[in-house]
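Novice: what's the 3D shape of this:
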Amino acid sequence: MFILSFTGLSAVAQQSFSRGVQLMGSAFEITVVGDDANQANKHIDAAVAEIKRIENLISSWDKDSETSAVNRNAGLKAIRVKKELFQLIERAKGISKLTDGAFDISYAAVDRIWKFDGSMKQIPAHKDIKLSVATVGAKHIELDAKNNAVFLKKKGMKIGFGAIGKG
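Specialist: Residues are numbered from 1 along each chain as shown. The predicted structure follows:
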């Protein structure tokens, strides 16, 4: 693809440069418009680095992430997190309130019985479902803005950003 841009009275032809990458469990295609492949690749590298940074911040799969620390300490203690993560959780709680709980980052605890990877062969038992959803509810996420601390009030609660992290 070529894009024609005008600077003053002269026209400069630019190309689009793309790269597909697998990040956050999804396929991304990053496209940069420019007239130099080396410069475009540097910008694509910067985009990949930023996506990886965000993934490391919000990942519940990475045992060393702040999100995993919050989940491990559910029902035990509040965990200080980076302001960026705190604000994301705050926003997610606001969206949960706006949607009367239809959107809820604390859904993540149901991954103990529901597998979202297509591997399930049958629906879990009713009693297991009932126990699983007992730990769901954004109202049980306590935020301390002064300390950027997050406390999941119920033991076994988990937060996850699968529905909001890529946005």
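
Novice: I'd assumed V133 was in contact with D104.
Specialist: No: under the criterion of C-beta atoms under 8 Å, D104 makes no contact with V133, lying 10.3 Å away. Glycine gets a C-beta too; all of them are placed from N, C-alpha and C.

Novice: so what sits against both of the two?
Specialist: The contact sets of D104 and V133 do not overlap (C-beta atoms under 8 Å, 6 or more residues apart in numbering).

Novice: these two: who's more crowded?
Specialist: The residue with more neighbours, out of D104 and V133, is D104; 21 against 13, by other C-beta atoms under 10 Å.

Novice: and the chain, what are its domain boundaries?
Specialist: For the chain, the structural domains run 2-58, 66-152, going by automatic domain parsing.

Novice: and the ones you listed, which one is worst for confidence?
Specialist: Across the domains of the chain, domain 2-58 has the smallest mean pLDDT, namely a mean of 84.

Novice: tell me which stretches of the protein form helices.
Specialist: 37-58, 66-72, 83-98, 126-133 (DSSP state H).
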